[in-house]
Each structure stands twice: as structure tokens, then as C-alpha cells.
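Undergrad: Sequence plus predicted model, see below.
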Amino acid sequence: MKFCPHCKINIGGNLEKCPLCQNLLTGTGEEDYCPKIEIKTRKRHKAFKIVTFCVLAVIIINLALDYLFIDAVHPSWSPLVLGWLLVSGWLLEFILRKHYNLLKTLFLSMIAVSILCQFTESYMYLAWSAWNIPYLGITSGYIIPILCSANMVANFVLSMIDKHFTDHSMIYMFLNILVGVVPWLALLFFFNGKPPLTWSICLVINILAFVGLVIFRGRTVLSEFKKRFHM
């Protein structure tokens, strides 16, 4: 029988992670008590195929327009469309799943959109230099801190509404706090200047959210630290 060092309980069967806290189990496993049942996922597979076909169809049509049908000199937008459609299709397929972690989806969406916005801005500046498009730093100065702040507020509200979000998704709230705090510190120490107002606002929001979590969900926060760092 396996044992969970975090929950201090014995777990029957041959599971690798605790069903309560998702921490790794120790000990020797046993035979599964119940036979495995195959879950029919035809609807999800069909939705995934539809999403995949639509994304690939738009990409192929866009490549054809960009390189086959337009002969005049023009900025190539295909890499931008390709990146945005692939990530959008992946997020949509992830949301279409029957079971998904909402806070994980919000965090991954924030990271994906931030990377794509930075890629878009850099690509337009480098690849379209002949069109004299300036690099304004909109993504790093405005989009990322605004997305991080909005995501943190959403996470905090969800954790207050439903305890399930806090108990099973605290790690994504901590990661969001790091995204909001670390860039501000880097701007302060490595660039020898006061960080932009948007990053300062993001810092304050993340600190307030962390303080609120400690006050209202203190035991859960401590339990999450113990679980993640195997304390």
C-alpha cells in the first residue's frame, strides 16, 4: 500500500499521485481495486478535428495569398497569422476538454498571448523595417503587466468564490505573482531606473492578492508550500 507524506494517509491501488493533494506517493503499489474503464471521447475528438481543420485551412489560404496570388511587394504577415492561429487553436481545444483546470487555463493563456504579442511587435519591427515601423515597446510596457494584473484579480476572485480553485490551483497563482514581481525588480536593479507605472500597478495588485491569500487562505497557502517543496 502506498503512503502520502503530505496528507499522512495510506492509498490503496497503484496510483502514482495522491488523489487529494496530487503529491507523489511513496511505498509499494498494489493491484487496482477496480478495472479500468475506457471513456468514450468521440465528441471531444470531433471538436478537436474541426478546430484543427479550420486552423490549417486558414493557414493554407493565408500562405497562398501571401506568396502565390499577391505579386506586389508587401509585408509578409503569414508568420504572424500562423503563430496566432496555432496558439488560438490549442487554447480552444484545451477549453473544449470536458475536464480542465480554469486557473491553469488563465495562466497559460496569459503567457501565450504575451509571447505572441512580443513576437508580433518584434517581427513587425525587424521584418518590416522597410516600412519604417518603430519599436514602441507596447508589449513589455503595457500588454504584459495589464494581462498579469487582470489574471491575478480573476484568480483571487475565483479563489474567494470557490475553495476548490485555491486548494488545487494555488501553484498558478504563485507563478502569476512571480510574473508580476520579478520583472519589476529586474527593471529596478538592472536598468537603474524607476519601472513604468503599469509594472508598479501590477506589483501592487500582486502583493495585495498575496496578502489576501495569506489572510483568508493561510492554511491552504502553507499547505501548498509544504506540498510543492516537499517540506
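TA: It's in.
Undergrad: what's the neighbour count on Val204?
TA: By other C-beta atoms under 10 Å, the residues close to Val204 number 13. No exception for glycine: its C-beta is placed from N, CA and C like everyone else's.
Undergrad: how near is it to Val211?
TA: Val204 is 11 Å from Val211, where distance means C-beta to C-beta, to the nearest Å.
Undergrad: Show me the residue sitting in the middle of the chain in space.
TA: Of all residues in the chain, the one closest to the mean position by C-alpha atoms, centre = their mean is Leu108, 1.2 Å from it.
Undergrad: ok, now which ones touch that one?
TA: Counting by C-beta atoms under 8 Å, 6 or more residues apart in numbering, Leu108 touches Leu91, Phe94.
Undergrad: Would you mind measuring from it to Glu16?
TA: Distance of Leu108 to Glu16, given as C-beta to C-beta: 23 Å.
Undergrad: returning to that earlier point: secondary structure element for the residue nearest to the centre of the chain, which one?
TA: helix 102-127 (DSSP states H and E).
Undergrad: How far does that helix sit from its chain's centre?
TA: Helix 102-127 has its C-alpha centroid displaced from the chain centroid by 10 Å (C-alpha atoms, centre = their mean, to the nearest Å).
Undergrad: Also stretch 210-217?
TA: Remark: stretch 210-217 is offset 22 Å from the chain centroid, using C-alpha atoms, centre = their mean.
Undergrad: avg pLDDT for it?
TA: Mean pLDDT, stretch 210-217: 82.
Undergrad: Let me see the ranges of the strands in the protein.
TA: For the chain, the strands defined by DSSP state E cover 2-4, 9-11, 26-27.
Undergrad: Just checking: what are the partner strands of the second one?
TA: The partner list of strand 9-11 in its sheet, established with DSSP bridges, is strand 2-4 (antiparallel).
Undergrad: Domain map for the protein?
TA: The chain breaks down by automatic domain parsing into domains covering 1-37, 135-231.
Undergrad: Let me have those domains in a markdown table, adding distance to Gly89 as columns.
TA: Listed next are those as a markdown table, based on distance: least, C-beta to C-beta, whole Å:
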| stretch | distance to Gly89 |
| --- | --- |
| domain 1-37 | 28 |
| domain 135-231 | 20 |
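Undergrad: Could you identify which of those domains is most buried?
TA: Of the domains of the chain, the one with the most neighbours on average (mean count of other C-beta atoms under 10 Å) is domain 135-231, at a mean of 16.
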